[in-house]
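*Asks:* sequence first, predicted coordinates after that:
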Amino acid sequence: MNYIFLIICSIFLPIFSLKQNKPKLCINCKFFIKDLEYGNEYGKCSLCPTEESSVKLLVTGYKNIDNYYYCSTARQSERLCGKEGINYKQKPTKKEKDNLK
């Protein structure tokens, strides 16, 4: 009886362990804007504009990179993206970009 249980476990456990939850990293998101001066740590999210930027956009007609929330701020706020990364979209790969052309 014990051997049957071991055989069943040895079949099903590897199947369940294949599903790995990869974290949704901002640097892999298509909305991520890398900070040219300081790198990825101070990157901003183009999907999370500040309230001030929407008013400036109506006045000037152009977006300014300084008017977006930092990714670290967006991930801390459930209103913006949250710890789960609810607005996360994977960056297209080079092959996908070439296929679109």
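*Replies:* Arrived safely, thanks for sending.
*Asks:* excluding its backbone neighbours, what's nearest Ile27?
*Replies:* Taking Cβ to Cβ, 6 or more residues apart in numbering as the measure, Ile27 lies nearest to Asn40, with 5.2 Å between them; neighbours along the chain are not counted. Heads up, the C-betas are built off the backbone N, CA and C, glycines and all.
*Asks:* check what pLDDT that neighbour gets.
*Replies:* Per-residue pLDDT puts Asn40 at 87.
*Asks:* may I have the phi/psi pair for it?
*Replies:* Geometry field for Asn40 lists phi and psi as phi -70, psi -30, criterion degrees, to the nearest 10.
*Asks:* how far away is it from Ser10?
*Replies:* Here Asn40 is placed at a distance of 42 Å from Ser10 (Cβ to Cβ, to the nearest Å).
*Asks:* can you check Thr93 too?
*Replies:* Spatial separation of Thr93 from Ser10 under the definition Cβ to Cβ is 36 Å.
*Asks:* the residue nearest to Ile27 against Lys34, yeah?
*Replies:* Yes. Counting by Cβ atoms under 8 Å, Asn40 sits close enough to Lys34 to count as a contact (6.0 Å).
*Asks:* go through stretch 29-41 and flag the buried ones.
*Replies:* By neighbour count, with 16 or more other Cβ atoms under 10 Å as the criterion, the buried positions of stretch 29-41 are 29, 31-33.
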